[in-house]
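**Q** Any chance you can model this:
(chains A and B)
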Amino acid sequence: NAGVMQNPRHLVRRRGQEARLRCSPMKGHSHVYWYRQLPEEGLKFMVYLQKENIIDESGMPKERFSAEFPKEGPSILRIQQVVRGDSAAYFCASSPFRDNEQFFGPGTRLTVL
Amino acid sequence: DAKTTQPPSMDCAEGRAANLPCNHSTISGNEYVYWYRQIHSQGPQYIIHGLKNNETNEMASLIITEDRKSSTLILPHATLRDTAVYYCIVRVSGGSNYKLTFGKGTLLTVNP
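**A** The predicted structure is shown next:
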C-alpha cells in the first residue's frame, strides 16, 4: 500500500506566480489535511478536506490560498500571487476516518524567489 | 487541547534505550497522547498513541502514568536512523481533534 504522495517535491516560483501543490492520499483514505512548516518552526494546521468538501479551513490565510479535494484525483493546495513569505514546506496527511492517526507525505518545499 | 512540555534535546548512545519524557498535566479524560517524529526534511511519522494503558508496537513503547499527567516514549534499541525531532501531542477524541498541534518537540540525537 503506497503511502501519501506529494508532488512536486520541490517547487521554485517567482513572486507573483501561482503555485499548485498536489497530494494523493493513501488508498482508502478520504480525509486529507494540509499543514505548513515555516523555516525553524513547527507544523501548523491549514485545512481539512473530505472528498469534495472543505470541512475546516481555519488555518488558511484569508487571501491567495485555496484548497480542493475533487471526487476524482488528488487534493490541490493552490497559492496565487506567491510572496517570499510563502516559502515553506507544505505537508499533506491523510486518514481513513477523522479520529484516526494521520499519515504524512514527504512534503513539497516551496521556494519563492 | 492540553499543552505538552518536552525537553528541547536529548542524546542517546546507539543500541541503548531512548526514553523521551512528556508532561501533559492539564490532560482531560477524553484526550489521547500521540507521538510523532520528524526525521530531517521528511514528513512527520506516526509512532504510537494511547489513552490510559501502556502501549507497545513494532516501533516503540508508550508508558502513561496512572494520573495521566505525563508519559514516556521508549525506543528500546536506538539506532542512528532514530535521530529526529519527537513530538508529543495531546489530542481530544471527537470535535476538532483533526488539528494536530505540533510544539517544538525533543531533538533526539543518537550517537555511535
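
**Q** give the contact list for the nearest residue to B:I64 once chain neighbours are set aside.
**A** In space, B:I64 comes closest to B:S71 once its chain neighbours are excluded; the distance is 4.5 Å by C-beta to C-beta, 6 or more residues apart in numbering or on different chains. Just so you know, the C-beta spots here come from the backbone N, C-alpha and C atoms, and that holds for glycine as well. Residues near B:S71 by C-beta atoms under 8 Å, 6 or more residues apart in numbering or on different chains: B:21-22, B:24, B:33, B:50, B:62-65, B:88.

**Q** Any idea what A:R36 is bridged to?
**A** Taking DSSP bridges, one obtains A:K44, A:Y90 as the residues bridged to A:R36.

**Q** Settle this for me: it is touching A:L43, isn't it.
**A** Yes. When contacts are counted by C-beta atoms under 8 Å, A:R36 is listed as touching A:L43 (7.2 Å).

**Q** what residues are shared contacts of the two?
**A** The contact sets of A:R36 and A:L43 overlap at A:F91 (C-beta under 8 Å, 6+ apart).

**Q** Between these two, tell me which one has more neighbours.
**A** A count of neighbours by other C-beta atoms under 10 Å in any protein chain shown puts A:L43 above the other of A:R36 and A:L43, at 25 against 22.

**Q** OK, contacts around the more buried one?
**A** Here A:L43 is in contact with A:35-37, A:91, B:44, B:100, B:102 (criterion: C-beta under 8 Å, 6+ apart).

**Q** quick revisit: give the pairing partners of the strand or helix carrying the residue nearest to B:I64; include direction for each.
**A** In this assignment (DSSP states H and E), B:S71 forms part of strand B:70-75. Here strand B:70-75 is paired, per DSSP bridges, with strand B:18-23 (antiparallel), strand B:61-64 (antiparallel).

**Q** Dump the C-alpha coordinates for that strand into CSV.
**A** C-alpha atoms of strand B:70-75 as CSV (Å, rounded to 0.1, in the frame of the first residue of the first chain):
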residue,chain,number,x,y,z
SER,B,70,3.0,12.6,32.0
SER,B,71,4.2,9.9,29.6
THR,B,72,7.4,8.4,28.3
LEU,B,73,8.1,7.2,24.8
ILE,B,74,10.7,4.4,24.8
LEU,B,75,12.7,3.3,21.8
